[in-house]
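> this is the structure alone, sequence omitted:
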């Protein structure tokens, strides 16, 4: 019905009709699918939550004399130097050196790669300590300096697995407290943890990756970034419910963007007691409304998005595939779910408030002509599963 | 006259710049001023400063007299500051704290916007939130 080019012409002339994935639900109810599909050009989706698979490539430029860095630490967090002389890779879940981790269980995990990334985006000073064995053209063997993101040539965020299309709800059926990446879980299933923006979440609004693919321009923490690949563990062959929306973890996206253009509100270091460190990332993705079918996908509501409840005390670590039940995002967001007759308090790690804010910012950027939508250069796979690790027989 | 006999509750944070804890303050508040005391948290730091966060319940007149007695011992009273603070800017509005807060001091009143609010009056300083907040938005003054 509409092409990407036509939609972009409307965006450029400031005439595009853009609604958030929350607003579109009532709008279609009121106007009807056919009429709404004619009127609406873009629906904005968003999410904000811990996305462990995140990191950044940093290029420092050369010191005098030059140095071929072989080991490095940024604010005492080890960064990978096996790329090139002055290119480093910092991972979000890398802990600061000498962190006691879980030796004093449950550990605090106060500072890691995600926190360094937050500091960089916020423009704060970070310390670099680097070592080398020295070569003829790179004689320097040791370096200690401080820098801010402005001193770097490039600071490229890369997130090989973001925007998980649905995710587990974690619960604890054992008789002692456990500490997970979905938060602290009380014994005897007294609470549960979840992480998705539900009806605002990008891949729940485009469940078969019709508009989101390799090359899609995205809003990554305030910068205009893009999808560079399917994400790791991308597994679209899964259980699906209404409108084909996955009811378990499914697709993922690999994202990249320029950290120098990011807003510190949407890049936050995370410390999860007893588990470790990570990074919370804010992502917004526009969905061009090409036809009625595409619009219909964006009308998915929290009450129709189901998630699997999994026991993180045994079933998850043992990988036995057992699911205790299914709950809707409407129930999760109400604060209490009913699991087989038992009332369980629900708390999110994903921020719906921030997701709403991102969807609104992106809406405004598109309305004002600053953000154009894209045609993917390659689609994401729609059929593939996920293999467990191949382990050697003992 | 009914106003003078009506009991009210006031939350106080006491700060002892140098340790004056030789004196049985709570004993005097109970015996001399007929106050009901509910201590939330107390700590003497290695610098020998002391903190005490408590609720006092009694008539307004007795609370005034009791707080005057405390002040006479060079102990500072703060009725606005709490031992637990919420950094609104640090809070990412995830809500992971809410199931862990026993008094609903941290709550999500509007489930459409899902925004977290902190009601200091309801806080009993159990510190559960500090352990579960992934963003370090909840802090303890001591």
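Sure thing, it's come through. Since the model is a prediction, treat every value here as computed from it, not as a measurement. Residues are numbered from 1 along each chain as shown, chains lettered A, B, ... in the order given.
> going by C-alpha atoms from here, please, whenever you check contacts or count neighbours.
Fine.
> need the residues of chain A near chain B, please.
Selection of chain A residues close to chain B by C-alpha under 8 Å from any C-alpha of the partner chain yields A:49, A:183-184, A:191, A:193, A:268-273, A:333-335, A:345-354, A:356.
> so which of those are in helices?
Secondary structure from DSSP state H places A:333, A:334, A:352, A:353, A:354, A:356 of the residues of chain A next to chain B in helices.
> export the residues you listed to a markdown table and tack on distance to residue A:130, neighbour count and pLDDT?
Formatted as a markdown table, these follow (distance: C-alpha to C-alpha, whole Å; neighbours: other C-alpha atoms under 10 Å in any protein chain shown; pLDDT from 0 to 100):
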| residue | distance to residue A:130 | neighbour count | pLDDT |
| --- | --- | --- | --- |
| A:333 | 46 | 23 | 98 |
| A:334 | 49 | 16 | 97 |
| A:352 | 40 | 31 | 98 |
| A:353 | 40 | 20 | 97 |
| A:354 | 37 | 25 | 98 |
| A:356 | 41 | 24 | 98 |
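> tell me, how many neighbours does whatever residue of chain A ends up closest to chain B end up with?
Per C-alpha to the nearest C-alpha, the residue of chain A with the smallest distance to chain B is residue A:351, at 4.0 Å. Residues contacting residue A:351 under the criterion other C-alpha atoms under 10 Å in any protein chain shown number 27.
> same question, residue A:26
Burial of residue A:26 is recorded as 12 neighbouring residues (other C-alpha under 10 Å).
> now swap in the one 5 residues further on and tell me
A count of neighbours around residue A:31, defined by other C-alpha under 10 Å, yields 12.
> so who does the residue sitting furthest away from the middle of chain B touch?
Largest separation from the mean C-alpha position in chain B: residue B:112, at 30.5 Å (C-alpha atoms, centre = their mean). Residue B:112 makes no contacts at all, as judged by C-alpha atoms under 8 Å, 6 or more residues apart in numbering or on different chains.
> so it is in which element?
For residue B:112, there is no helix or strand it lies in under DSSP states H and E.
> one more: residue A:167?
Going by DSSP H and E, residue A:167 is not in any helix or strand.
> how about residue A:82?
Using DSSP H and E, residue A:82 sits within strand A:77-84.
> which residues touch that strand?
With C-alpha under 8 Å, 6+ apart as the test, strand A:77-84 has contacts from A:68-73, A:87-91, A:94-97, A:112-113, A:116.
> go again using 10 Å as the cut-off
A:55-59, A:68-73, A:87-99, A:111-116, A:127-132 (C-alpha atoms under 10 Å, 6 or more residues apart in numbering or on different chains).
> hmm, which of these are the buried ones?
Those of those that meet the buried threshold are A:55-59, A:68-73, A:87-96, A:99, A:111-116, A:127-132, by 16 or more other C-alpha atoms under 10 Å in any protein chain shown.
> now, the residues you listed that are in helices?
A:113, A:114, A:115, A:116.
> and the closest residue to chain A within chain B, how far from residue A:168?
Closest to chain A within chain B is residue B:94: 4.0 Å, counting by C-alpha to the nearest C-alpha. Note on residue B:94: its distance to residue A:168, by C-alpha to C-alpha, to the nearest Å, is 16 Å.
> and for residue B:98?
Distance, residue B:98 to residue A:168, using C-alpha to C-alpha: 19 Å.
> who has more neighbours, those two?
Higher neighbour count among residue B:98 and residue A:168: residue B:98, with 26 against 23, using other C-alpha under 10 Å.
> might one say that that one is in contact with residue A:334?
No - judged on C-alpha atoms under 10 Å, residue B:98 makes no contact with residue A:334 at a distance of 11.7 Å.
> show me whatever sits in contact with both of those two.
Between them, residue B:98 and residue A:334 share the contacting residues A:345, A:346, A:347, B:108, judged by C-alpha under 10 Å, 6+ apart.
> for the third one, give me its contacts.
With contact taken as C-alpha under 10 Å, 6+ apart, residue A:347 is in contact with A:169, A:182-185, A:191-195, A:332-336, B:94-100.
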